[in-house]
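# Following is a predicted model, sequence given first.
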Amino acid sequence: MRTKMLRDALFLAGMDLRHLLRSRETLLWIFVMPVIFFYFLGAITGNFHGGSRDTLAVSVASDAGFLADEAIARLGARDFLVVRPKTEAEFLGYRRRLEIPTGFTALALARKPVKLHFTRVGDDMGASYDQMRVQRALNTVQVDLSGGAATPQRLSELGREARPLSVDVKAAGKRRDPPIGFDQSVPGTMVMFTLLVMFTSGAVTLTIERRNGILRRLASSSMSRGAVALGKWGARWVLGMVQIAFAMIAGRLLFHVHWGPNLAAVAAVLAAYGALAAVLGMALGNFGRTEAQVIGLGVIASNLLAGLGGCWWPIEVTPVWIQKAALFLPTGLTMDALHKLVNFGAPPAAVIPHLCALVAATLGAGWVVARYFRFQ
């Protein structure tokens with residue numbers, strides 16, 4: 001009996017998947033729109049160049065001298081990732097920019113005033129911190145020059161020496177910088193669009209099949225209610241996994257998103273999320289009455305869950321109570337697991353509670369859909 005049910009479910013899943021993939025609207029929202037949103041959201045939520053959140057672009061005049069190289073080395077010691085763009089247009093695209101002027105070394109050695117121009121896009125709390133780090137790096141060069149170090153070799157030696165006055169710093173915990181740019185937009189958009197497709201295309205097709213009598217004909221066949229529900233879910237889950245796989249590949253190739261060292265754990269989380277999204281889409285299509293009602297509710301619900309779950313912005317920048325509330329949402333659970341694995345270096349064991357919650361929610365919602373599946 002179980003063998004027949006599985007065989008019927010596989011047959012129905014294959015037929016349903018082919019039908020879903022023939023829809024141009026579905027293909028548009030799976031393969032085209034996510035890439036556009038990757039680019040759009042990534043460009044407005046962080047460093048467009050996709051580099052480190054501490055990237056500092058430095059423009060050095062041709063005759064700035066050896067002190068420019070020493071200043072760059074000291075900036076690197078302050079945890080800046082220093083880059084030297086080749087063109088002015090590329091230089092202006094960075095959030096943090098430092099211009100080292102003409103004659104920098106000659107003016108400094110002659111004890112004449114010289115100005116370096118630091119520009120930082122944005123007026124958030126990190127702006128003052130960036131300014132302080134740049135000032136401290138340049139101050140060390142100035143102090144060493146005042147001590148008589150006027151050669152590259154002596155400056156380099158002083159830069160490696162321990163300072164007479166130091167502060168003993170102990171970490172209170174591991175620093176967690178929320179992902180920005182494409183590191184946030186690609187996973188967030190992938191999670192949002194998977195739910196959106198399941199809540200629209202995945203749900204409305206059930207409503208259309210019920211209106212056209214297709215589900216009534218299935219009810220009169222030898223297929224059991226469980227086989228029909230399982231087959232319908234299987235088609236939508238595979239469709240979601242195709243969408244997720246494409247998003248991950250596009251994110252890596254087009255936007256250089258690194259999915260971390262625990263790719264198997266990332267895949268497990270996304271597979272569980274895809275399974276839950278598919279069954280929630282089926283629930284909407286099962287209990288919805290009209291196509292307009294299903295599409296309207298699907299669009300509103302998917303966008304609401306995406307916003308509250310941290311798909312549009314890093315949930316870590318929100319108040320703590322919002323972060324905790326997001327863990328009760330499928331999108332919030334998935335984004336938290338992805339951030340832990342991809343951005344914060346957590347081991348796979350850290351997302352076991354997330355996997356258990358997603359699987360439990362899938363089984364619970366699946367039982368409800370199978371128990372109350374409507375053929376008419």
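Here it is on my side, so go on.

# residue nearest the centroid of this structure?
The structure's the chain has its C-alpha centroid closest to Gln184; by Cα atoms, centre = their mean the separation is 2.7 Å.

# Spell out the residue ranges of the strands in the chain.
For the chain, applying DSSP state E gives strands covering 55-60, 81-83, 96-100, 117-120.

# before we move on, back to that, what separation is there between the residue nearest to the centre of the chain and Ala43?
Distance of Gln184 to Ala43, computed by Cβ to Cβ, to the nearest Å: 12 Å. Where you see a C-beta, it was placed from the backbone N, CA and C, and this is true even at glycine.

# same deal with Ile249?
20 Å.

# do Leu355 as well
For Leu355 relative to Ala43 (Cβ to Cβ), the value is 32 Å.

# For this protein, give me the ranges with low pLDDT.
For the chain, the stretches with pLDDT under 70 are 1, 45-53, 122-126, 144, 146-177.

# quick one on the thing from earlier: more neighbours: which of Leu355 and Ala43?
It is Leu355, of Leu355 and Ala43, that has more neighbours when counted by other Cβ atoms under 10 Å, with 18 against 14.

# Give me the neighbour count for the nearest residue to the more buried one once chain neighbours are set aside.
The shortest distance from Leu355 to any non-neighbouring residue, by Cβ to Cβ, 6 or more residues apart in numbering, is to Ala272 (5.5 Å). Neighbourhood size, Ala272 [other Cβ under 10 Å]: 24.

# what residues are up against Ala272?
Counting by Cβ atoms under 8 Å, 6 or more residues apart in numbering, Ala272 touches Leu355, Leu358, Val359, Thr362.

# Can you list which of those are found in helices?
Leu355, Leu358, Val359, Thr362 (DSSP state H).

# from those residues, which single one is nearest Leu254?
Leu358 (27.6 Å; Cβ to Cβ).

# State the distance from that closest one to Asn262.
Distance from Leu358 to Asn262, by Cβ to Cβ: 17 Å.

# now Ala43
Taking Cβ to Cβ, one finds Ala43 at 28 Å from Asn262.

# Kindly report the same for Glu90.
Distance from Glu90 to Asn262, counting by Cβ to Cβ: 34 Å.

# Of the two, which one has the most company?
Ranked by neighbour count (other Cβ under 10 Å), Glu90 and Asn262 place Asn262 first, with 19 against 13.

# dump the residue contacts of that one.
Contacts for Asn262 (Cβ under 8 Å, 6+ apart) come out as Leu341, Pro347, Pro348.

# wait, isn't the first one in contact with Ala349?
No: in this structure, Leu341 is not within contact of Ala349 by Cβ atoms under 8 Å, at 10.7 Å.

# who's more crowded, those two?
Between Leu341 and Ala349, Leu341 has the larger neighbour count (other Cβ under 10 Å), namely 25 against 8.

# for the more buried one, what are its contacts?
Contacts of Leu341 by Cβ under 8 Å, 6+ apart are Gly260, Asn262, Ala265, Val266, Val269, Pro348, Ala350, Val351.

# How about Tyr39?
By Cβ under 8 Å, 6+ apart, the neighbours of Tyr39 are Phe255.

# From Gln135, how far out is it?
Counting by Cβ to Cβ - Tyr39 and Gln135 are separated by 35 Å.

# With Leu280 instead?
In this view, Leu280 and Gln135 are 52 Å apart by Cβ to Cβ.

# the more surrounded of those two?
Neighbour tally, Leu280 and Gln135, criterion other Cβ under 10 Å: the higher count belongs to Leu280, 26 against 12.

# With adjacent residues omitted, what lies nearest to that one?
Ala365 (6.1 Å).

# What residues does that neighbour make contact with?
Per Cβ under 8 Å, 6+ apart, neighbours of Ala365: Leu276, Val279, Leu280, Ala283.

# wouldn't the last one be in contact with Trp367 here?
What it means is Ala283. No: checked against Cβ under 8 Å, the pair Ala283 and Trp367 is beyond contact range at 10.9 Å.

# any idea how far the residue lying closest to Phe255 once chain neighbours are set aside lies from Leu280?
In space, Phe255 comes closest to Phe182 once its chain neighbours are excluded; the distance is 4.1 Å by Cβ to Cβ, 6+ apart. For Phe182, the distance to Leu280 equals 27 Å [Cβ to Cβ].
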